[in-house]
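Visitor: Build me a structure from this.
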Amino acid sequence: MKKISNIDKIKAASILEKQINLSLNIPLTDLELHPIRLVQASKSLIGLNLDKPNEKLIKFTSIYLESFNNPHYDFNLNSSDDLNPVVTIYDLENAFFNKDKELALRLFHQLKLVSSEVHILEYLIEISLKQSGKSFLSIWSLYRSILFLSNKDSNRFINLATDIILSDDFEDTSTSGQVININDVINYELSFYSIDLYAHLLEAYNSDLIRLSKIRVLITSFITRKFKNCKANKFNMDNEVFFPDLLISGRKELLHFLETKNIIELNPDLIMLLDSIRAIFRFLDNQNHKIVCFHFENILEDLNV
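Guide: Sure thing, here's the model as predicted:
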């Protein structure tokens with residue numbers, strides 16, 4: 001890998017675009033290991049200080065991408081002359097529900113003729129929120145990454161998006177009992193996976209989406225399904241936090257935490273944890289930040305960082 005040095009925000013943006021495009025080209029073999037989530041997490045953390053883009057994150061992500069030697073996706077989707085007179089998100093959702101990849105790709109091709117890339121990606125967010133949650137994390141990363149690109153050609157993400165949705169399973173979306181307020185989830189016991197999921201649900205809930213009203217309803221239902229059996233955390237709020245600068249300075253302190261690590265100490269889980277804490281700090285009130293710090297400490301210990 002070429003040495004990366006003395007980069008400014010323009011060069012950093014160019015490198016990040018290249019990393020996103022490389023990720024879109026890598027076939028999905030393992031949902032948790034695909035680089036699209038790492039690239040998006042790194043991009044969000046780098047965005048905390050654009051005056052001095054974090055070169056360590058850029059370098060680590062480049063090394064991670066180089067580890068993938070899989071065959072590339074074919075972006076030249078075959079178009080069909082037999083266009084449906086009307087095609088909707090529900091047709092696409094049914095194709096995914098029936099695990100019909102060929103039909104899903106064909107419907108994607110037809111949707112992109114009448115919908116923008118952003119609309120298509122927001123459809124996918126809705127569909128993912130009816131699944132177990134694994135697809136949502138990757139689809140949300142894909143959505144955020146595509147928005148960053150100067151060229152949002154949908155052919156470049158359709159293959160990966162299709163495989164992400166097909167890798168997950170649909171769930172019963174009906175809920176009963178008391179609805180859980182999204183801001184209250186921080187008061188539960190949260191594992192690495194659940195805080196990762198919660199952080200990006202919170203981020204999506206507070207984002208400027210075209211289909212936000214529909215997506216918020218689905219997020220509220222999803223939150224209630226996924227967190228209704230969680231126990232309250234047992235943090236003693238009188239205790240001091242282990243990272244007081246994080247509590248005082250907020251999200252930018254996460255970059256200082258990274259600077260204490262050698263590049264060989266970095267791993268995708270740590271970077272995605274830092275990105276989760278970034279999102280929660282941004283969208284939760286300051287009064288909850290001490291609880292966020294306690295969660296961060298607990299999960300770091302579990303990750304043996």
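Visitor: hey, C-alpha coordinates of stretch 190-207 in CSV?
Guide: Extracted C-alpha coordinates of stretch 190-207, given in CSV (Å, rounded to 0.1, in the frame of the first residue of the first chain):
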residue,chain,number,x,y,z
LEU,A,190,-26.5,-3.2,26.0
SER,A,191,-24.0,-5.6,24.3
PHE,A,192,-21.6,-4.6,21.5
TYR,A,193,-24.2,-5.7,18.9
SER,A,194,-27.2,-4.0,20.6
ILE,A,195,-25.4,-0.7,21.1
ASP,A,196,-24.2,-0.8,17.5
LEU,A,197,-27.8,-1.4,16.3
TYR,A,198,-29.3,1.1,18.7
ALA,A,199,-26.8,3.9,17.7
HIS,A,200,-27.7,3.7,14.0
LEU,A,201,-31.4,3.3,14.6
LEU,A,202,-31.1,6.5,16.6
GLU,A,203,-29.1,8.1,13.8
ALA,A,204,-31.7,7.1,11.1
TYR,A,205,-34.6,8.2,13.3
ASN,A,206,-33.1,11.7,13.5
SER,A,207,-31.9,12.0,9.9
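Visitor: so is the closest residue to Asp285 other than its chain neighbours in a helix, a strand, or just coil?
Guide: On the basis of CB to CB, 6 or more residues apart in numbering, the spatially nearest residue to Asp285 that is not a chain neighbour turns out to be Asn183, at 7.6 Å. (Glycine included, C-beta is placed from N, CA and C.) Taken by DSSP: H, G, I helix; E, B strand; the rest coil, the conformation at Asn183 corresponds to helix.
Visitor: okay, Asn183: pLDDT?
Guide: Looking at Asn183, its pLDDT is 97.
Visitor: For Phe148, give me its contacts.
Guide: With contacts taken as CB atoms under 8 Å, 6 or more residues apart in numbering, Phe148 has the following neighbours: 16-17, 20, 43.
Visitor: Same question for Phe243.
Guide: Taking CB under 8 Å, 6+ apart, we find Phe243 in contact with 253, 257, 293, 296-297.
Visitor: Please determine how far it is located from Ser115.
Guide: Distance check for Phe243 against Ser115: by CB to CB, to the nearest Å, it reads 44 Å.
Visitor: The residue nearest to Asp285 touches Leu284, doesn't it?
Guide: Yes - the pair Asn183 / Leu284 is scored as a contact, 6.5 Å apart, by CB atoms under 8 Å.
Visitor: In contact with the closest residue to Tyr73 other than its chain neighbours, which residues?
Guide: Excluding its sequence neighbours, the residue lying closest to Tyr73 (CB to CB, 6+ apart) is Asn159, at 4.2 Å. The contact partners of Asn159, by CB under 8 Å, 6+ apart, come to 27, 73-75, 77, 105.
Visitor: Output the helix or strand Asn159 falls within as CSV, nothing but the C-alphas.
Guide: Remark: Asn159 resides in helix 155-166, with elements defined by DSSP states H and E. Once non-C-alpha atoms are left out, helix 155-166 reads as follows in CSV (Å, rounded to 0.1, in the frame of the first residue of the first chain):
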residue,chain,number,x,y,z
ASN,A,155,-25.9,-0.1,-10.7
ARG,A,156,-22.9,0.2,-8.4
PHE,A,157,-24.8,-0.8,-5.3
ILE,A,158,-27.7,-2.9,-6.5
ASN,A,159,-25.8,-6.2,-6.3
LEU,A,160,-24.5,-5.6,-2.8
ALA,A,161,-27.8,-4.3,-1.6
THR,A,162,-29.7,-7.3,-2.9
ASP,A,163,-27.3,-9.7,-1.2
ILE,A,164,-27.5,-7.9,2.1
ILE,A,165,-31.3,-8.1,2.2
LEU,A,166,-31.3,-11.7,1.1
